[in-house]
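Asks: turn this into a structure:
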Amino acid sequence: MIHRYHSDQKAHPPHVFGIAETALCNLTRRLDKINQSIIVSGESGSGKTWNARCLLKYLTMVAVCNPGGFTPSPADCIERRILDSNPILEAFGNASTTRNHNSSRFGKYIQLQFSRGNHVVGASIQTYLLEKTRVVYQCDGARNFHIFYQMLFGGNEREMRNWLLPNVLSSDNLNYVKLNRSEDACNQKDKQDFIVTKQAMCNVGLSRSQQQELFKVLSGILHLGNIEFISDDDVTGPCEIDSEKQGVDTSVNAAAQLLGLDVDALTRCLAFRQITASHKRRKSVFMKPCLKDECHTRRDCLAKLLYARVFDWLVGFINGCTMARSWQSYIGLLDVYGFESFSFNSLEQLCINYANEKLQQHFVHNFLKAEQDDCQSEGIPWKFEDFTDNKTCLDVIEGNISIFALMTQQCKLNRHSDPSSFCEFLHDTISSANLSRSHMSVTSPAFVVHHYAEKVTYQVDGLIEKNKDGIPAELVDLLKISSKKFVQQLVDANVTSLQSPSKTKGKKTTSTVVSKFKNSLDSLMATLHETTPHYIRCIKPSLECQPDSFDNVHVINQLRACGVLETIEISATGFPTRMLYSDFLKRYELLIRSNSEDVKDLDTKSKCAVITNLVLAEADKENKMKSFLFGKTKIFLREGQLDKLEVARLKEFNLSAGVIQIWWRKILATKSKQEAAVVIIQAGIDCNSVLTNILQASCCYQTKSLIVTN
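Replies: Numbering: from 1, shown residues only. Purely as a prediction, here's the structure:
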């Protein structure tokens, strides 16, 4: 199927491969914005990850080159490494939710890098907002990241001993993962996936020893979840390890051993927090005992820190193996988390849905609104439609007086935030139709945001604390003195960016989850604006994750919410290809060079009209709608007309190439005849010279004979 779409895309029905081929053709033609982006969006569980995987497979297969005839070719090695990054990222970044068994819990932008000859030479990956909280907490019906289950069900006896994990597991053994031994099919899939993950790691260049060190850190994270504390009746007294509870002491020792830490240092770091007091030039540092809940919070913070750094290290390693040293252009594949609405929605869902709002705005402005504005400015007749602009919703989330702004303000106060007070403060400060109070059936403090897809209720409890995402400096310092070089390597990279708050030029600044995510998302949107976008909308057939289940109402709501219905109408009557007259003439002027009509005195627009009449006029006689229109500065082409021009251009190239070949062959033949004639002439001259010499020698001999006779 890949080769069919690559050879003739128009002859086959619409397909994800067709989108990839269109992007590749635009890249090859180098018109307007050379770099391309394919944006895959949709609800959670609608198939975005699978479609991104298909796009990656298509582009790496059709855009390869092996001029040296090597086996395997360099392009095949690059393709293999790029494709093998997928199962690794899915194992470490995907998880099962209540709506999707393989939900991406992070966003990624894969940049496929192309050479001047339009062949894939490398790739790089940029990730966004990994859902770290899933490491320590999962709601009912959801699971932790896939890699933990792959290790538990796929590790052999020797590996389990090295990772200090028990052979027989139940849901009571590990607090960070929810296991169900009765789901044998799911467990077998985890076992098979672990084989694929380890093989992919080998293919991208991870050695066996590096893999084992990485799995030991993951096992250490699982054992951290089993560390529990107990406090005396005296609230001010220090907390201690709950040794009476089964398995706690074993997990403390196992976590310390796997992470290369001293047991006492680990427990002391979790049970005490460092406080620094400054008075003029004097600085005092003392340790304050933590409450039981604080100890567990610090334990979870350490687990999230380790997992986030493992994920970032993996992405960096993959980029180091796949990124090209030099490249000319690229096609970006954007696969972000889909729109989410659960029974309990917190900061993760707010950021995820905010990202989807930004992508929806990009779609509206680049396809729907831009289409109408461009036609209006160029004087092209157009039936204008009213499109839903989600700017008001984005203002509620990210504006000057918005949810994000008020959350950041609360974080700057650096004190405990009361959920009820913040919720009231939110409603009193922000006045918008896109923000409302939660239904009376919701007992906890919450607010409702009216997104483009649907209304979502966000719980305030824990929202500010998650946004702070503060990492105690003593936890980082503890990992720095680990006896494991791999653990040290994890925290040595960008340690300053992990610690919050930070200081810049003596001024204290607050770095929050929202601010980091917003900055990275703004950078992504800037990248998308610099490329030619292509959209793939994934539609979820029903809310149940079951085959052969189709909900008409749910499908129509998705199509209406994301603007697909308007897109279909525009595509049927619009002009998707627009080119400046100068650019159009520069590319297709060769079509009128051989024409008998004198076009030297015509202006640029008139020359463009001559070209379109030569190539497209015949087809227009059979169509009711004209296939091209002329604006003030641009020419507008309907779907498929650019391909006809490209075919005509290629035919002219072939004719010109044929003429060049004829004349070149004539030159070669003439040169060959001339060389043969030169050889004959040279032979004649040589023969004449030899005969002359013979005659001269004969005359001399005869003369000598006569002299002797006389």
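Asks: any stretches of the stretch 51-200 of the chain with poor pLDDT?
Replies: Flagging of the stretch 51-200 of the chain using pLDDT under 70 yields the residue ranges 64-76, 167-172, 181-185.
Asks: what about the strands in it?
Replies: Per DSSP state E, counting those that start in this stretch, the stretch 51-200 of the chain carries strands over the ranges 94-95, 103-104, 107-114, 120-128.
Asks: okay, those strands in CSV with distance to Cys375 and mean neighbour count next?
Replies: Where C-beta positions appear, they are placed from N, C-alpha and C, glycine not excepted. What follows is the strands of the stretch 51-200 of the chain, written out as CSV (distance: least, Cβ to Cβ, whole Å; neighbours: other Cβ atoms under 10 Å):
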stretch, distance to Cys375, mean neighbour count
strand 94-95, 42, 22
strand 103-104, 37, 22
strand 107-114, 31, 23
strand 120-128, 34, 21
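Asks: wait, which of those is closest to Ile2?
Replies: strand 120-128 (14.0 Å; Cβ to Cβ).
Asks: partners of that closest one in the sheet?
Replies: strand 107-114 (antiparallel) (DSSP bridges).
Asks: chain center to the partner strand, what's the gap?
Replies: Centroid displacement of strand 107-114 relative to its chain, using Cα atoms, centre = their mean, to the nearest Å, is 5 Å.
Asks: contacting residues around it?
Replies: For strand 107-114, the external contacting residues (Cβ atoms under 8 Å, 6 or more residues apart in numbering) are 27, 52, 56, 59-60, 63, 82, 89, 93, 120-129, 323-324, 327-337, 355, 524, 527.
Asks: from those residues, which would you call buried?
Replies: Neighbour counting with 16 or more other Cβ atoms under 10 Å marks 27, 52, 56, 59-60, 63, 82, 89, 93, 120-129, 324, 327-337, 355, 524, 527 as buried within these.
Asks: return the subset of the residues you listed lying in helices.
Replies: The subset of the buried ones among the contacts of strand 107-114 located in helices under the criterion DSSP state H comprises Leu27, Ala52, Leu56, Leu59, Thr60, Ile82, Leu89, Gly93, Ala355, Leu524, Thr527.
Asks: farthest-apart pair in those, please.
Replies: It's Leu27 and Gly93 that sit farthest apart of these, by Cβ to Cβ, at 27.6 Å.
Asks: was I right about Asn353 contacting Gly338?
Replies: No - with contacts defined as Cβ atoms under 8 Å, Asn353 does not count as touching Gly338, sitting 9.5 Å away.
Asks: where does the prediction get shaky in the stretch 501-650 of the chain?
Replies: For the stretch 501-650 of the chain (pLDDT under 70), the answer is 501-510, 545, 561, 563, 566-574, 593-598, 619-625.
Asks: recalculate using a threshold of 50.
Replies: The stretch 501-650 of the chain contains residues with pLDDT under 50 at 501-507.
Asks: just the helices in it please.
Replies: Using DSSP state H, counting those that start in this stretch, the helices of the stretch 501-650 of the chain run over 513-529, 552-561, 564-573, 581-588, 590-593, 604-622, 641-709.
Asks: buried residues in the shortest one?
Replies: Buried residues in helix 590-593, counted by 16+ other Cβ under 10 Å: Leu591, Ile592.
Asks: what does that helix rub up against?
Replies: Val599, Lys607, Val610, Ile611, Leu614, Val615, Leu645, Ala648, Arg649, Glu652, Phe653, Ser656.
Asks: mind saving the C-alpha coords of it as CSV?
Replies: The C-alpha coordinates for helix 590-593 follow below in CSV (Å, rounded to 0.1, in the frame of the first residue of the first chain):
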residue,chain,number,x,y,z
LEU,A,590,9.5,27.0,-19.3
LEU,A,591,6.0,25.9,-20.4
ILE,A,592,5.7,29.0,-22.6
ARG,A,593,9.2,29.2,-23.9
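Asks: now it, how far from the centre of its chain.
Replies: That offset, for helix 590-593, works out to 42 Å (Cα atoms, centre = their mean).
Asks: helix/strand/coil for Val449?
Replies: The three-state label given to Val449 by DSSP: H, G, I helix; E, B strand; the rest coil is strand.
Asks: number of nearby residues for it?
Replies: Using other Cβ atoms under 10 Å, the number of residues around Val449 comes to 23.
Asks: tell me the contacts of the nearest residue to it once chain neighbours are set aside?
Replies: Counting by Cβ to Cβ, 6 or more residues apart in numbering, Val449 lies nearest to Val456, which is 5.6 Å off, once chain neighbours are set aside. Taking Cβ under 8 Å, 6+ apart as the contact definition, Val456 lies against Glu340, Ser341, Asn345, Gln349, Asn353, Val448, Val449.
Asks: in contact with the first one, which residues?
Replies: Counting by Cβ under 8 Å, 6+ apart, Glu340 makes contact with Glu43, Ser44, Arg99, Gln349, Ile352, Asn353, Val456.
Asks: quickly note the distance from the residue nearest to the third one when sequence neighbours are not counted to His451.
Replies: Counting by Cβ to Cβ, 6+ apart, Gly45 is the residue found nearest to Arg99 once chain neighbours are left out, at 4.7 Å. For Gly45, the distance to His451 under the criterion Cβ to Cβ, to the nearest Å works out to 17 Å.
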